[in-house]
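1. I'll drop the sequence and a predicted model, then ask my questions.
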Amino acid sequence: MEEFICKYCGRVCKNIYSLRSHEVFCKNNPNRIEPTGHRWTKDERKKIKAWNKGKTAVNKNGVKRYISPPELDEYIKDGWNVGISDEEREAYVEKIKYKHVGRAKDEELERLRKERISLKMLGNKNWEKNKTRGNGKRGWYKGIYCDSSWELAYVVFHVEHNLPIKRSTLRLPFVWEGKTHTYIPDFETNEGIIEIKGRKTKKSLEKQNQYPHIKVIDIDGIKPYLEYVITKYGINFIEVLYD
């Protein structure tokens, strides 16, 4: 059985993790980290992480190199950009600019992205009530179940204009990634079978391919229905209309 022994004092630890933790603070370690008696700061956690893993600063050639204990303080000071020139740093920032915050690459695409988010979140106050996040608040309106604020707006428009609408009871076989699933569209109306879909995914697009006769109402198609209920009942229409 493998033993985990401190190379400084010879103490036997339970596992590799407790050994690493002990060696960081071992009194016989010439480069030990002094306990502070408080919660670790960001820099202190970074120092411990660097010690335990035995890596990682990036030199100007982009190659990772080992951080030896005497270099830890310098590592804390400069972090990932040790030895990187201003030009290289700016190039890296530009490279990741649109990859970690979701922003679009030009103003028009960014405007459309924000518009899609705004429409999707209209009337959604789930965040005020609990930590469960969904695509919208679910409920009943005039005996018809709605899965989101978009579906509610669509149903309200049809009911108030005396247009036939009911929740779909169709159960359609749907093949996805080699397996057969059940696809239940949203509504049956005078326009035919309706699916309300805010976010297009590979799976939803494949459903459209397999059932092209089902009408899909996307972010552009739902706009007139949302404008109708918001104009009449206000932006918090879901609080007013659900049974």
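-> Nice, thanks for sending it over.
2. got the contact list for the closest residue to Tyr242 other than its chain neighbours?
-> Leaving aside its sequence neighbours, Tyr242 sits nearest to Gly139 (Cβ to Cβ, 6 or more residues apart in numbering; 3.5 Å). In short, each C-beta sits where N, CA and C put it, glycine included. For Gly139, the contacting residues are Tyr145, Cys146, Leu152, Ile238, Tyr242, Asp243, by Cβ atoms under 8 Å, 6 or more residues apart in numbering.
3. where does the third one sit, in terms of helix or strand?
-> Counting by DSSP states H and E, the secondary-structure element that holds Leu152 is helix 149-160.
4. mean confidence for that helix?
-> The pLDDT scores in helix 149-160 average 92.
5. how about the helices in the protein?
-> 16-25, 42-53, 72-78, 86-96, 107-121, 126-129, 149-160, 202-210, 223-233, 237-241 (DSSP state H).
6. out of these, which gets the lowest mean score?
-> helix 126-129 - the lowest mean pLDDT of these, at a mean of 46.
7. check the contacts of Gly139 against Cys26 and report the nearest one.
-> Of all the contacts of Gly139, Cys26 sits closest to Ile238, with 59.6 Å by Cβ to Cβ.
8. contacts for stretch 222-230, please.
-> So stretch 222-230 is in contact with 119, 122, 149-150, 152-154, 156-157, 196, 198, 237, 241, going by Cβ under 8 Å, 6+ apart.
9. let's see 7 Å
-> Leu119, Leu122, Trp150, Ala153, Tyr154, Val156, Phe157, Ile196, Phe237 (Cβ atoms under 7 Å, 6 or more residues apart in numbering).
10. same question, stretch 162-178
-> 144-145, 155, 158-159, 180-190, 193, 203, 206-207, 210-211.
11. what subset of those residues is buried?
-> By neighbour count, with 16 or more other Cβ atoms under 10 Å, the contacts of stretch 162-178 hold Ile144, Val155, His158, Tyr183, Pro185, Asp186, Phe187, Glu188, Thr189, Ile193, Lys207, Tyr211 as buried.
12. can you give me the neighbour number for the closest residue in space to Phe237 that isn't next to it in sequence?
-> Spatial nearest neighbour of Phe237, excluding adjacent residues (Cβ to Cβ, 6+ apart): Val229 at 4.7 Å. Residue neighbour count, defined by other Cβ atoms under 10 Å, stands at 24 for Val229.
13. didn't Val216 look like it was pressed against Lys207?
-> No - taking contacts as Cβ atoms under 7 Å, Val216 lies outside contact range of Lys207: 8.6 Å.
14. Phe187 contacts Ile194, doesn't it?
-> Yes - with contacts counted by Cβ under 7 Å, Phe187 reaches Ile194, the gap being 4.3 Å.
15. is Leu172 bridged to anything, and to what?
-> Taking DSSP bridges as the rule, Leu172 bridges to Tyr183.
16. could you check how far it is from Glu94?
-> Distance from Leu172 to Glu94, counting by Cβ to Cβ, to the nearest Å: 47 Å.
17. fine, thanks again, bye for now.
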